[in-house]
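Peer 1: Model the following, please.
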Amino acid sequence: MPTLTFTCVTASGSETRAIEIRNLIIAGWTGRDPHKVQEHIEELAALGVAPPATTPCFYLGGAELLTTSPDIDCLGGDSSGEAEFVIVVDADGERWVGLASDHTDREVEAYSIPVSKQMCPKPVAPTLWKMADVAAHWDKLELHSFVDDGAGFVPYQAGSVDAMLNPLDTIAAWEKLGNSLPPGSAMLGGTLPVKGGIRPRREFRLELRDPVLNRTITHSYTARWLGV
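Peer 2: Numbers count the residues shown, from 1 in each chain. Sure thing, here's the model as predicted:
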């Protein structure tokens with residue numbers, strides 16, 4: 001199982017921790033607003049992706065897919081990123097909040113979402129915030145992403161995390177299915193609609209902003225599209 005090194009930031013400072021990831025859960029269709037969920041359904045339907053029977057839904061991924069590397073390899077040229085918050089549970093059971101990209105093969109997604117989730121690495125920023133430090137102002141956090149459309153980076157996603165279920169509610173839905181979120185788990189919490197439609201791009205930048213504590217987690221990566 002992968003062991004990732006994070007800078008773990010708390011109200012009193014920061015320290016470097018190595019966290020072994022044993023379980024990767026990707027939560028989908030986590031929107032609070034049913035109209036926004038429908039918007040996401042429609043943008044994926046344009047790619048031929050059928051919606052799930054119930055929401056939220058969950059997909060399991062190989063833990064080894066998570067990586068803090070700024071470079072990833074993907075088969076073919078039909079993949080793109082999605083900015084998401086991620087909940088990481090360390091060996092002591094402490095929950096941390098971070099930033100990840102559910103990089104997905106869009107061609108494969110059209111016939112199998114679970115397979116598409118397994119096709120690409122999942123980049124994650126090497127910085128985490130203690131969840132307890134942001135819980136009281138959770139809905140103020142913001143997600144942003146940017147892609148290079150050929151003339152420099154342009155906004156791709158932007159909005160508050162209050163567009164998605166609170167992570168405690170998402171975790172409760174996961175547990176209601178008879179599951180748990182033990183130490184060594186990472187759960188991606190869902191994403192925002194994109195600007196200009198979902199499109200494959202190699203260069204991706206993403207941010208998780210906390211305007212209350214005036215701080216930002218940033219990450220960027222490049223996908224190397226391997227020839228088929």
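Peer 1: Show me where the protein dips below the pLDDT cut-off.
Peer 2: Along the chain, the parts satisfying pLDDT under 70 run over 40, 44.
Peer 1: Next, the residue positioned nearest the centre of the chain: secondary structure please.
Peer 2: Centre of the chain computed as the mean C-alpha position; nearest residue by C-alpha atoms, centre = their mean is Glu84, 3.1 Å away. Assigned by DSSP: H, G, I helix; E, B strand; the rest coil, the conformation of Glu84 is strand.
Peer 1: now the closest residue to Ala173 other than its chain neighbours: how far from Thr216?
Peer 2: Once flanking residues are discounted, Ala173 sits nearest to Pro56: 5.4 Å by C-beta to C-beta, 6 or more residues apart in numbering. C-betas here are computed from N, CA, C, even on glycine. Shown here: Pro56 relative to Thr216, a distance of 26 Å by C-beta to C-beta, to the nearest Å.
Peer 1: Pull up the pairing partners for the longest strand belonging to the chain, direction included.
Peer 2: Ranked by number of residues, the top strand in the chain under DSSP state E is strand 215-226. For strand 215-226, the pairing partners within the sheet under DSSP bridges are strand 71-75 (parallel), strand 203-210 (antiparallel).
Peer 1: Would you convert those into JSON lines that also reports mean neighbour count and distance to Arg106?
Peer 2: JSON lines is the format used below for the strands paired with strand 215-226 (neighbours: other C-beta atoms under 10 Å; distance: least, C-beta to C-beta, whole Å):
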{"stretch": "strand 71-75", "mean neighbour count": "16", "distance to Arg106": "11"}
{"stretch": "strand 203-210", "mean neighbour count": "21", "distance to Arg106": "14"}
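Peer 1: I am finished for the moment; much appreciated.
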